[in-house]
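In: Pasting the sequence and the predicted coordinates here, then a few questions.
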Amino acid sequence: MCKNLKPALVIPDSVKTIGRYAFYYCNKIVNLTLGRGLTRIESYAFQNCDQIKNIVTLPEALESIGSYAFSSCFSIPSLTIPSSVKTIEFRAFEYCMGLTEVCYFGTSDPGKSVMSFGECSKLQAIRVPSNYADNTLCGFPVSKTEKCSITPPEPEPPSSSTTTSTSTSTSTTTSTSSSTGSTGSPSQSEPASTHQTSEVLSGAELSSQPIGWLVKILTLLLSAAIIAF
């Protein structure tokens, strides 16, 4: 099934349940959109989908998240969990090491395990409403706030290979322009051509000098012979 997936996966609103192992190890998924009618995500549904890079917004109809449902989704940056979620099972978001922000809009702990957010090394605290009844969520520290909002991630900088390619392209363009300027400019090419022609002419003049002297000598000898005769 994963072989035919496109990077953007959209779950239709008509889907109520995503079953066990439905998208297990589907690392082609980059952008995940969950349908508004979804009520249950079962165990291992998205485990090891490690290329999901968008903010995952769980739909407001969702009620339960199974064990390891999003485990090892390393690249998810942020997550919003609606107040409708009443159950988060064992290790549901374990090893989501890219998570930096999580907002939960409920007022009591939905966690069935203290390990649901285990090994989320970049996550400092889960933000919850100010009237949240507990001090932790799935054993994870919470930060109570009047309003929870997710900060969109900053765009990734260009890769070094792209920069190198651009620099190489610029260098090639500059080199081509310099070459064109040197061959097409009259102030450089025409004097060089004139100087070369001048050297050829000087060589021809030098080679004609012995012939001139020979003609003069022959003329003098002929004159002397006529006088003697």
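Out: Right, received. Where do you want to start?
In: any low-confidence regions in this protein?
Out: Low-confidence segments of the chain (pLDDT under 70): 1, 152-229.
In: Where do the strands of it begin and end?
Out: According to DSSP state E, the chain carries its strands in the segments 8-10, 17-18, 31-33, 40-41, 56-57, 64-65, 78-81, 87-88, 101-104, 126-129, 136-137, 140-145.
In: Relative to M115, which of these is closest?
Out: Across these, M115 has its closest neighbour in strand 140-145 (9.4 Å, CB to CB). Quick note: C-beta positions are derived from backbone N, CA and C, even for glycine.
In: What helices and strands are in contact with the closest one?
Out: Under the contact definition 3 or more CB pairs under 8 Å, 6 or more residues apart in numbering; DSSP states H and E, strand 140-145 sits against strand 126-129.
In: TSV for the strands of the chain, including mean neighbour count and distance to Y25?
Out: As requested, the strands of the chain are exported to TSV (neighbours: other CB atoms under 10 Å; distance: least, CB to CB, whole Å):
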stretch	mean neighbour count	distance to Y25
strand 8-10	13	14
strand 17-18	17	15
strand 31-33	17	14
strand 40-41	22	16
strand 56-57	20	17
strand 64-65	22	18
strand 78-81	21	20
strand 87-88	19	22
strand 101-104	23	23
strand 126-129	22	27
strand 136-137	20	27
strand 140-145	15	26
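In: Tell me which of those sits nearest to G118.
Out: That would be strand 140-145 among those, by CB to CB, at 8.6 Å.
In: which stretches of the protein form helices?
Out: 160-184, 186-228 (DSSP state H).
In: if we can go back for a sec, quick check: which of the strands of the chain is nearest to E119?
Out: With CB to CB as the yardstick, what comes closest out of these is strand 140-145 (11.2 Å).
In: ok, back up a step: tabulate the strands of the chain in JSON lines, adding columns for distance to T151.
Out: Below are those laid out as JSON lines (distance: least, CB to CB, whole Å):
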{"stretch": "strand 8-10", "distance to T151": "22"}
{"stretch": "strand 17-18", "distance to T151": "27"}
{"stretch": "strand 31-33", "distance to T151": "18"}
{"stretch": "strand 40-41", "distance to T151": "24"}
{"stretch": "strand 56-57", "distance to T151": "14"}
{"stretch": "strand 64-65", "distance to T151": "23"}
{"stretch": "strand 78-81", "distance to T151": "7"}
{"stretch": "strand 87-88", "distance to T151": "23"}
{"stretch": "strand 101-104", "distance to T151": "7"}
{"stretch": "strand 126-129", "distance to T151": "11"}
{"stretch": "strand 136-137", "distance to T151": "19"}
{"stretch": "strand 140-145", "distance to T151": "13"}
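In: Quick one: closest of these to K112.
Out: Closest among the strands of the chain, using CB to CB: strand 87-88, at 6.1 Å.
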